[in-house]
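Novice: Task: produce atomic coordinates for the following.
(chains A and B)
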Amino acid sequence: MQKNTTINRRNSKLSGIKIITFVLACIPILALLAIIVSLVFNSRLAIHTAGLSLFSTTYNPGIGGSYGLMPAVWGTVLVVLVAMIIAAPVSLFLAVLANDFSFGFLGAIIRWMIGILSGIPPIIFAALTPVFFNFFIWPKFAGKGLTETILLKMTQYSSLPLNGSTLLGGILLSLLIIPFLTPLLDDAIKNVPYSLKEASFSLGADRWHTLVNVTLPSAVSGIGSALMLGVLTAMGEAVIVAFAIGFAIGKMPQPLFDILKRTAPLTTVIVGFSAGGFSPISNGALLTSIGNFAGLMLLLVAFVILGVSTYLQSRFRKRFQL
Amino acid sequence: MKITSSFALLVSTIVLVLGSLSLATNSLEAYPAPAFYILFLALTGLAVSKRLSRKRIKPSIIILAGLALISAIVLKLLPVYIQGFSINGLIHRSIISALLLIGIGVPSACYALYYFLGATPRASDISRYPLLAFPVVLILAAFAIIVFKIIIAGAPQLNWSLLITAYKNQSWYTEVWQNGWPDFISKTTLQIGLRNAVLGTFLLMGLTAIISLPIGIGVGIFVHQYAGPKLGVAIRFSTTALRAISGIILAITALSLIHVVNNSFHGTLLNYLVQGFGYYSNGALLTGRSSFIFAALFISLLVIPIIARATEEGLNSLPKDIKEGSLAVGASQEHTLIHILLPWSFPNIITGLVLGCAEASGALAIIFLMAGTGQLGVTPLAETTSLAYFIFDCNFGTQMGDSIQTFMGSYQYAAAFLLLVITVGLTVLALILKSKITRRYKGA
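Specialist: Residues are numbered from 1 along each chain as shown, chains lettered A, B, ... in the order given. Got it, this is the predicted structure:
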């Protein structure tokens, strides 16, 4: 591959195709740069006005108030954690079932099924938020079937998770991530050389021992890279969390791990800020600017995660000379 | 001999079924504790029978039996609703019993299966299937609920008149002269239908395809053929990043752009191009929030990476002997590119395009800040609308100041059904194409 490109470069003169494709290839880079420039340019006002209070934990708008975004960051952490705790093992099990523990057509069936499920757009999951709420959250966490007199005696009646919660968002988000994550994990496990497994089998290990002690440790950087991409997807998803959690930035949840509260994550908070009521003009300049600042924060975190994922992926590829 | 292990297998299967049912309903409260007692007996019986026949048993089985006993007692003592730690909710006992049933039932099923199959190394492999398959089955059940609900609720609502009518809810005043005096009569039209949303979805897909196909192919060719290592890495990183960063970041960038255009170029051609326009029922020219072309530009930023990656894969998959054959008979690099490489990677490009169209039809994070109800018509310069946005609007329309939620809120499942059919159909098409590609000639 490497040798091939050098030969190509030596032979090719400055042709029309080269110029045209170069111009076209610059478009993604320029678009990315334009996005970064736009975000930085538009978040000047927020940095100038709110300053370091953007990193505090209290959101209290007004003159001299603080515009802390930490509740939103914590909301993102919570919802991503819930989604990944459900999605990561299930995707790993699916990938294992499609590879090492496959029999007959099981692997092909799983790959086709996951391929079809990956076509479902997020809005479909989001539209079914009420169904999952009625089916799971209300009976289990919000006292369905209790009469109002009983409910009123409960101390937490005012804050039952009756219109969405982080848990609901995380569950629906995990359904979105599983079809995304499974092919990546499938690749990571599939690309472990068979000679390694063969060596393990020849020493008398069974399939489970080979999987736990040989395949998964060899594929760990590939798996890590895939999980990072999964976290990135969960972090950037806006539609499902908009339906299941909401737009309003609030206080930090008390206690911190309370996933039955609505703690809006960064993506929906950005929507609430920069589009307040969804119309592009009605919200104030400062709030729009804070929305842009939150977007910049999300972008930087995404770049860090993407960098780590790319590094792990390259390590995986270097190790097995893929 | 096998009686104890088959009994344990039966009991742990029942425990697993009970656990999954407890996740779905609250009315099985009487059964988990007895199930745990029987599981305790079954596991103890298994351990004792193995011990009597002087075979080695795994100590984990004793631990599991103990855990079953403890959870039976705990479930007996728990109140129906649990409250505490200042958590915002009333946690029903059944969720705890479901978690316990599944957590203890899965390993007991594994061990019971292991002894049932004769405790051989092969049995040890097969006995891992409950652990691997049970969570997968639970999640697939959730997917099944989603698809089932969409079909049950959406398909019966569909009919032909719903598909060919465009949603319209407009009211205006007309001036009528009566006895020499002007009189204003209010008029309203109200039509219920999905036509503009469906057509808008297809228009958005088409425009996105037209914009992103040449760019995607160009990026793929440049990265494969001309780019040096550093430039190649930069282009690959930027295409990956465009897909990986949140769609909402693209959306607020688009919003900022609309804002600039609206403030600085108000009333000019550029403003109409970006914001879109259409005619109201009384003939007034209105601007929308953003036009189809503008939305398609931003959606194609998500689709370009798909097509570029597909093109690159196709170009890389050309067997070396074909390419070298072309070069050996004297064809230039450009000739080889156009006549050998591109036709070879054509199926890959089509696959990428189909996947990109599926992406464009379901893309909402980008357009939900700049789409509208589609009352200004469906032309490339009208206000953006799509099925995905229609579903969003059916839930948040009141907050956004339109009345679609009141009049068409109940039709959201019909729209969801149509959208599901479109996206899943396109995805299946792409999968079929992909499976055809993998069966091609791979080189000598």
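Novice: Next to chain A, which bits of the stretch 251-400 of chain B? Give me the list.
Specialist: B:251-253, B:255-259, B:262, B:289, B:301, B:304-305, B:308, B:316, B:333-334, B:337-338, B:358, B:361-365, B:368-370, B:388, B:391-392, B:395-396, B:399-400 (C-beta under 8 Å from any C-beta of the partner chain). The C-beta positions use only the backbone N, C-alpha and C, and glycine is treated the same way.
Novice: Show me just the buried residues among those residues.
Specialist: Burial by neighbour count, 16 or more other C-beta atoms under 10 Å in any protein chain shown: within those this picks out B:251-253, B:255-259, B:262, B:289, B:301, B:304-305, B:308, B:333, B:337, B:358, B:361-365, B:368-370, B:388, B:391-392, B:395-396, B:400.
Novice: Which ones among those residues lie within helices?
Specialist: Among those, the members falling in helices (DSSP state H) are B:251-253, B:255-259, B:262, B:301, B:304-305, B:308, B:333, B:358, B:361-362, B:388, B:391-392, B:395-396, B:400.
Novice: B:V378 contacts B:N196, correct?
Specialist: Yes. Counting by C-beta atoms under 8 Å, B:N196 is a contact partner of B:V378 at 5.3 Å.
Novice: okay, and the common contacts of those two?
Specialist: Here B:V378 and B:N196 have B:T385 as joint contacts, going by C-beta atoms under 8 Å, 6 or more residues apart in numbering or on different chains.
Novice: of those two, who's got more company?
Specialist: Using other C-beta atoms under 10 Å in any protein chain shown as the criterion, B:V378 and B:N196 rank with B:N196 on top: 25 against 22.
Novice: Now do the same for that one: helix, strand or coil?
Specialist: Per DSSP: H, G, I helix; E, B strand; the rest coil, the secondary structure class of B:N196 is helix.
Novice: elements contacting the host helix or strand of A:I150?
Specialist: According to DSSP states H and E, A:I150 maps onto helix A:148-153. Packed against helix A:148-153, as judged by 3 or more C-beta pairs under 8 Å, 6 or more residues apart in numbering or on different chains; DSSP states H and E, are no other helices or strands.
Novice: Give me the below-cutoff pLDDT ranges for chain B.
Specialist: Residue ranges of chain B with pLDDT under 70: B:1, B:84, B:86, B:444.
Novice: Nearest residue to the spatially most central residue of it in space, please, no chain neighbours.
Specialist: Centroid-nearest residue in chain B, with C-alpha atoms, centre = their mean: B:G362, separated by 8.3 Å. Excluding the flanking residues, the one nearest B:G362 by C-beta to C-beta, 6 or more residues apart in numbering or on different chains is A:P121, at 2.5 Å.
Novice: distance of A:K144 from chain B?
Specialist: A:K144 is 7 Å from chain B, where distance means C-beta to the nearest C-beta, to the nearest Å.
Novice: Now that residue. Nearest residue, chain neighbours left out?
Specialist: Once flanking residues are discounted, A:K144 sits nearest to A:W138: 4.5 Å by C-beta to C-beta, 6+ apart.
Novice: Could you report the pLDDT at the one you found?
Specialist: Per-residue confidence (pLDDT) for A:W138: 85.
Novice: May I have the phi/psi pair for it?
Specialist: Phi and psi for A:W138, reported as degrees, to the nearest 10, are phi -60, psi -50.
Novice: Tell me, how many residues neighbour it?
Specialist: What A:W138 shows, counting by other C-beta under 10 Å, is a neighbour count of 20.
Novice: Isn't it up against A:L146?
Specialist: No. Using C-beta under 8 Å, A:W138 is not in contact with A:L146; the gap is 10.8 Å.
Novice: Mutual contacts of those two, please.
Specialist: Residues touching both A:W138 and A:L146 (C-beta under 8 Å, 6+ apart): none.
Novice: And for B:G247, the neighbour number?
Specialist: Neighbours of B:G247 (other C-beta under 10 Å): 23.
Novice: OK, contacts around it?
Specialist: A:G236, A:A238, B:L302, B:A363, B:A365, B:I366.
Novice: any idea which of the residues you listed is the one closest to B:F417?
Specialist: B:A363 (18.4 Å; C-beta to C-beta).
Novice: And the one residue in the stretch 151-300 of chain A that gets nearest to chain B, what's its pLDDT?
Specialist: Going by C-beta to the nearest C-beta, chain B is nearest to A:G236 of the stretch 151-300 of chain A, at 2.9 Å. Reported pLDDT at A:G236 in the predicted model: 90.
Novice: Report the contact partners of the closest residue to it other than its chain neighbours.
Specialist: Nearest residue to A:G236, sequence neighbours excluded (C-beta to C-beta, 6+ apart): B:S246, at 2.9 Å. Counting by C-beta under 8 Å, 6+ apart, B:S246 touches A:M235, A:G236, A:E237, A:A238, A:T267, A:L298, A:A302, B:A365.
Novice: Out of those residues, grab the one that's most surrounded.
Specialist: Of the contacts of B:S246, with other C-beta under 10 Å as the count, A:T267 tops at 31 neighbours.
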